[in-house]
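**Q** here are the coordinates; sequence isn't available:
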C-alpha cells in the first residue's frame, strides 16, 4: 500500500483561496463560491495519494525546490513535496491566466 502524505497549506495559499472565493461570491453567487471552495479543497486533499503524478512547473522550480501543479477548473494549485517528511506543501492557488514568472522568489 502506498504511503499517504500529510497536506500542509501555507498561509499565502490559504489567503489566495479566500481571495478566489470572495471574487466568485461577488461576481457569481454564494453557492458558486462555496462549490469552488469545496472543489479546490477536495483537489488539495487528493494530493495525499500520489502527488508525483502531476506535472512539474519548470518556470518557478529551482535546483533546491521542485514545484508541481494540479488543476481544478481554471485554478492552478502549486505545491512541492518533502519526500523525507511525506509532506505535500501547497504554496499557491491562482487562476491559470496569472503569470507564473511573478511567483519566482515569492513562494516559500
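**A** Arrived safely. Because the structure is predicted, anything quoted here is derived from the model rather than measured.
**Q** Do me a favour and average the pLDDT over stretch 72-84.
**A** Computed over stretch 72-84, the mean pLDDT rounds to 96.
**Q** Flag every buried residue along it.
**A** Counting neighbours by 16 or more other CB atoms under 10 Å, one finds that the buried residues in stretch 72-84 are 72, 75-81. Using the backbone N, CA and C atoms, a C-beta is placed for each residue, glycine as well.
**Q** go on, stretch 100-108?
**A** Those would be 100, 103, 107, for stretch 100-108 by 16+ other CB under 10 Å.
**Q** just curious, which of those residues is nearest to residue 91?
**A** residue 107 (4.3 Å; CB to CB).
**Q** Check the secondary structure at that closest one for me.
**A** Classification of residue 107 by DSSP: H, G, I helix; E, B strand; the rest coil places it in coil.
**Q** distance of it from residue 67?
**A** Residue 107 sits 8 Å away from residue 67, taking CB to CB, to the nearest Å as the criterion.
**Q** Residues that sit against both of these two, list them.
**A** 60, 78, 91 (CB atoms under 8 Å, 6 or more residues apart in numbering).
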